[in-house]
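# no sequence on this one, just coordinates:
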């Protein structure tokens, strides 16, 4: 029986050791890595002006996508965008660029795919756009809406934006439409896409670029973020109007297909203000970069958080300073993370009050906000003999009252004035003199009286008779 229990204990011990070893030496592939908490934006821009095997030209396709790519690169970062034009924009090159998006984006991010090419209606219900190596007698090297949809299905992103600038672009909505996707098609499925020499751009792409350059006008809800939907709402009517006024008929009628919950921001504005003008040399740090001239305003990716640090105290002089109080949202942290939007750091201007008093006990000195009401008072010592009498204030405030109130609108120095009263001392000295004089007088009288008594006694003593 004892042996059986012993083996049970040994077996339990071996199992425990096995579990411990397995937990500590599990294969790396068995662990999962959390997605990057920062919401980034990634973009691929495809522009195909000429084709290897087809006698066609889409003027300004490559240069227009180059310009659009530059605008987003300036905000998102050069390493967050990829430009593929002309000979690089083969079918395999374009698919490799989409795979590049897949490698970099995670579940918090936004991806953008923009393309200018020639669009065609294919056999059946599907639509295609030409790649650089498209073939004249085959659809094999074209990219269909269905293929584009399949390529993006594997990308794990919070949102995807498609900018399609080619003929029949609206036809791509049938296959490409999906959850968390926003599609900006330059024309309906039975319309053509145009370019214009005066714009040096495809008409639709030109007005999208113009939207990015007019942030304040496009941000109609004034939330400091320009969304894919706002870009479309600006570019679409401008595109149709331009076509109609320049004789491109039938005009393009851009189409929006939006299956994103809410609106999908692409570019945001970060602005940092202070409620008062800080003195020259005051440094505020934004993610390690120092700024001594405010306000600071720049465009940013909507999901990027910046660590902002403001100084606690800024001294202008020994008696004037600025003291940080709070942010516009009442947060009192001097260092905090902030997303896009307008942020205001509130400072209070403060002045130093100095009080000098040779006697008594003065209260109220210290730092005060500009415009603050200050109460100052002085209390005399309880003196019995020599008294110090408060006679008023001098300096930056004058007055006779011991308890005063005034406004701090500049640094101030005030001094309590005192006079000395000796009356009690004089009275005490007089009393002391009288007391001492009385003592001496008493002693003198006592001495005189004793001398008189001795003299009288001598007179009464009988004389001896002569023998």
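Received it, and whenever you're ready, just let me know what you need. Here the structure is a predicted model, which is why all the values come from computation and not from measurement.

# Between its first and last residues, how far does stretch 400-409 reach?
21 Å (C-alpha to C-alpha, to the nearest Å).

# So which bits of that stretch are buried?
Residues 402, 404, 406, 408 are the ones in stretch 400-409 that count as buried (16 or more other C-beta atoms under 10 Å). For the C-beta atoms, the positions are set from N, CA and C on the backbone; glycine is no exception.

# Distance to residue 183 and pLDDT added to these, as TSV?
Shown next, in TSV, are the buried residues of stretch 400-409 (distance: C-beta to C-beta, whole Å; pLDDT from 0 to 100):
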residue	distance to residue 183	pLDDT
402	79	91
404	73	95
406	68	95
408	61	97
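
# Of these, which is the nearest to residue 440?
Taking C-beta to C-beta as the measure, residue 440 lies nearest residue 402 of the buried residues of stretch 400-409, at 44.8 Å.

# what's that closest one in contact with, if anything?
For residue 402, the contact set (C-beta atoms under 8 Å, 6 or more residues apart in numbering) comprises 377, 378, 379, 380, 390.

# Let me know the pLDDT of residue 423.
Looking at residue 423, its pLDDT reads 68.

# Also residue 77?
Here, the pLDDT recorded for residue 77 equals 96.

# most neighbours, which of the contacts of residue 402?
residue 378 (21 neighbours; other C-beta atoms under 10 Å).

# Does that residue lie in a helix or a strand, and which?
Using DSSP states H and E, residue 378 maps to strand 372-379.

# Identify all contacting residues around the helix or strand just after that strand.
For strand 372-379, the succeeding helix or strand toward the C-terminus, using DSSP H and E, is strand 387-395. By C-beta under 8 Å, 6+ apart, the list of residues contacting strand 387-395 from outside reads 359-360, 378, 380-381, 398-402, 404, 412-421, 423-424.

# Those in strands, which ones?
Mapping the contacts of strand 387-395 onto strands (DSSP state E) picks out 378, 404, 412, 413, 414, 415, 416, 417, 418, 419, 420, 421.

# Which residues does stretch 370-382 contact?
348-351, 353, 355, 357, 359-365, 368, 387-390, 397, 402-409, 414, 416.

# If we use 7 Å, what do you get?
For stretch 370-382, contacts defined as C-beta atoms under 7 Å, 6 or more residues apart in numbering pick out 349-351, 353, 355, 357, 359-364, 368, 388, 390, 402-409, 416.

# What's the end-to-end length of stretch 317-331?
Taking C-alpha to C-alpha, stretch 317-331 runs 27 Å from one end to the other.

# can you tell me how far residue 439 sits from residue 84?
120 Å (C-beta to C-beta, to the nearest Å).

# What's the biggest strand in this structure, counting residues?
Longest strand in the chain, counting by DSSP E: strand 341-357.

# Give me the buried stretch members for whichever helix or strand comes after it, please.
Proceeding C-terminally, strand 341-357 gives way to strand 361-363 as the next helix or strand, assigned by DSSP H and E. Within strand 361-363, the residues scored as buried using 16+ other C-beta under 10 Å are residue 362.

# what's the average pLDDT for strand 361-363?
pLDDT averaged over strand 361-363 gives 91.

# That one pairs with which strands?
strand 372-379 (antiparallel) (DSSP bridges).

# quick check: angle from the partner strand to strand 412-421?
Going by axes from the mean of the first three to the mean of the last three C-alpha atoms, to 10 degrees, strand 372-379 is angled at 20 degrees with respect to strand 412-421.

# Run through the helices of the chain in chain order.
Ranges of helices in the chain, per DSSP state H, are 2-24, 61-76, 91-104, 145-153, 173-176, 203-212, 215-218, 228-245, 423-460.

# So for the closest residue to residue 403 other than its chain neighbours, what's the pLDDT?
Leaving aside its chain neighbours, residue 403 sits nearest to residue 377 (4.1 Å; criterion: C-beta to C-beta, 6 or more residues apart in numbering). Turning to residue 377, the model gives it a pLDDT of 94.

# Equivalent analysis for residue 443, please.
87.

# Identify the residues contacting it.
So residue 443 contacts nothing (C-beta under 7 Å, 6+ apart).

# same question, residue 48
Here residue 48 is in contact with 58, 61, 62, 85, 86, 89, 117, 130, 131, 132 (C-beta under 7 Å, 6+ apart).

# how about a cut-off of 6 Å?
Contacts for residue 48 (C-beta atoms under 6 Å, 6 or more residues apart in numbering) come out as 61, 89, 117, 132.

# Any idea what the residue nearest to residue 403 is bridged to?
For residue 377, the beta-bridge partners under DSSP bridges are residue 363, residue 403.

# go on, residue 351?
residue 320, residue 368.

# I'd guessed it sits against residue 406; true?
No: Residue 351 is beyond contact range of residue 406, at 11.7 Å (criterion: C-beta atoms under 6 Å).

# The spatially most central residue of the chain and residue 298: what is the separation?
Centroid-nearest residue in the chain, with C-alpha atoms, centre = their mean: residue 338, separated by 3.8 Å. Residue 338 is 13 Å from residue 298, where distance means C-beta to C-beta.

# ok, now residue 306?
10 Å.

# Let me see the mean pLDDT of stretch 151-170.
97.

# and what of stretch 123-135?
93.

# mind listing what's buried in it?
Going by 16+ other C-beta under 10 Å, stretch 123-135 has these buried residues: 126, 127, 128, 129, 130, 131, 132, 133, 134.

# The third one and residue 366: what is the separation?
Read that as residue 128. 77 Å.

# Neighbour-wise, give me the winner out of the contacts of residue 48.
residue 117 (31 neighbours).

# Quick one: the buried residues of stretch 123-135 as CSV, columns for distance to residue 75 too.
Compiled in CSV, those are given as follows (distance: C-beta to C-beta, whole Å):
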residue, distance to residue 75
126, 34
127, 31
128, 31
129, 26
130, 30
131, 28
132, 28
133, 32
134, 32
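
# so how far does stretch 129-137 reach from one end to the other?
14 Å.

# Let me see the residues that make contact with it.
If you take C-beta under 6 Å, 6+ apart as the criterion, stretch 129-137 is touched by 48, 51-54, 87, 89-91, 117-119, 141-143, 166.

# Now for these: which two are most distant?
Once C-beta to C-beta is applied, the contacts of stretch 129-137 give 87 and 119 as the farthest pair, at 20.0 Å.

# more neighbours, these two?
residue 119 (30 against 13).

# Show me what the more buried one is bridged to.
residue 129.

# Now that it has come up, it's in contact with residue 170, right?
No: applying C-beta under 6 Å as the test, residue 119 and residue 170 come out as separate, 9.4 Å apart.
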